[in-house]
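1. here you go, sequence then predicted model.
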Amino acid sequence: MEKKRTELRNLKEGDYIIIDGEPNEIKKLQTSSPGKHGSAKAKISAEGIFDDKHRNISGPVDTKVEVPIVKRKDGQVLSKSGDNVQLMDMESYETFEVIVEGDRLEEIKEGEEIKYMEALGKKKII
């Protein structure tokens, strides 16, 4: 589980952040200027990479947060079974299964190379 720490002020839309233990992509980021007696504040709206849930956080811009290290990799489809697709990583030759939901399963063909992302020990076909 690779992650790093940074402050809210260093993030921008499109970056990743960990909220409630899940990796999320920042969809909207608003910062307010510092007030007379306080520091600048940031409001973040994000969407889960793996579960598509909307999450929000807010706080001073100097708040430390965790950011997942998201890796994009190539894999080869070995087989399909139900909602599961078995992939082999093209670098390490590791094999693993990924759950694919909806119509995406029909588009995936055995033997083809596809891209997938990995963050916090979870994987998803992109």
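-> Arrived safely.

2. which stretches in this structure count as helices?
-> For the chain, the helices defined by DSSP state H cover 104-107.

3. helices and strands of it: which one has the lowest mean pLDDT?
-> Of all helical and strand segments in the chain, the minimum by mean pLDDT, DSSP states H and E falls on helix 104-107, at a mean of 85.

4. what comes into contact with that one?
-> Contacts to helix 104-107, defined as CB atoms under 8 Å, 6 or more residues apart in numbering, come from residues 80, 83, 85, 125. No exception for glycine: its C-beta is placed from N, CA and C like everyone else's.

5. domain ranges for this structure?
-> As recorded under automatic domain parsing, the domains making up the chain are 3-68, 71-125.

6. still on that earlier bit, return a ChimeraX selection command for the buried portion of the contacts of helix 104-107.
-> Applied in ChimeraX, the following selects the buried portion of those according to 16 or more other CB atoms under 10 Å:
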select :85,125
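
7. what is the nearest of the contacts of helix 104-107 to G59?
-> Nearest to G59 among the contacts of helix 104-107, counting by CB to CB, is I125 at 33.4 Å.

8. I'd assumed I114 was in contact with the closest one.
-> Yes: the criterion here is CB atoms under 8 Å, and I125 meets it with I114 at 5.9 Å.

9. the residue lying closest to S58 once chain neighbours are set aside: neighbouring residues, count only.
-> What sits nearest to S58 in space, not counting adjacent residues and going by CB to CB, 6 or more residues apart in numbering, is K43, at 4.3 Å. By other CB atoms under 10 Å, 14 other residues sit near K43.

10. quick check: neighbours shared by I125 and I114?
-> Here I125 and I114 share the contacting residues 87, 108, scored by CB under 8 Å, 6+ apart.

11. so how far is K122 from the most centrally placed residue in the chain?
-> Centroid-nearest residue in the chain: I49, 3.9 Å away (criterion: CA atoms, centre = their mean). Relative to K122, I49 is positioned 8 Å away (CB to CB, to the nearest Å).

12. try K71
-> Distance from K71 to K122, counting by CB to CB: 11 Å.
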